[in-house]
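Student: Build me a model:
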Amino acid sequence: MEEPAEVRVVRGQRLTEAVREDLELFGVVELQERLDILRSEIARVEAHIERKRAGRAAADALFGARSG
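Tutor: Below you'll find the predicted structure:
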């Protein structure tokens with residue numbers, strides 16, 4: 001018997017699904033927990049953006065900025 005194929009999750013799919021959830025189904029405590037998680041994720045993404053910007057600035061300083 002063949003095993004079922006693994007469902008592949010597209011990048012960003014889970015985030016898209018999360019923002020489409022009906023918030024009416026959640027209680028206040030659950031909404032607060034969700035908000036705390038989202039704030040943590042925002043901070044994580046902002047930190048990653050800054051690391052990428054710093055890496056790009058370092059590359060530009062070493063090799064010169066790209067024109068265009």
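Student: And the residue nearest the centre of the chain, how far from Arg8?
Tutor: Nearest to the geometric centre of the chain sits Val45, at 6.2 Å (C-alpha atoms, centre = their mean). Distance of Val45 to Arg8, computed by C-beta to C-beta, to the nearest Å: 23 Å. Where you see a C-beta, it was placed from the backbone N, CA and C, and this is true even at glycine.
Student: again with Asp60
Tutor: Taking C-beta to C-beta, one finds Asp60 at 36 Å from Arg8.
Student: more crowded one of those two?
Tutor: More crowded of Asp60 and Arg8, by other C-beta atoms under 10 Å: Asp60, with 11 against 6.
Student: Would you mind naming the helix or strand containing that one?
Tutor: Assessed by DSSP states H and E, Asp60 sits inside helix 28-63.
Student: Quick one: mean pLDDT for that helix?
Tutor: Averaged across helix 28-63, the pLDDT comes to 96.
Student: check contacts around Leu23.
Tutor: Each residue near Leu23 by C-beta atoms under 8 Å, 6 or more residues apart in numbering is listed here: Leu31.
Student: what phi and what psi does the backbone show at it?
Tutor: phi -70, psi -20 (degrees, to the nearest 10).
Student: From Leu35, how far off is the residue nearest to Arg34 when sequence neighbours are not counted?
Tutor: Nearest residue to Arg34, sequence neighbours excluded (C-beta to C-beta, 6 or more residues apart in numbering): Phe26, at 6.8 Å. Using C-beta to C-beta, we find Phe26 at a distance of 10 Å from Leu35.
Student: and what of Val45?
Tutor: Applying C-beta to C-beta to Val45 and Leu35 gives a distance of 16 Å.
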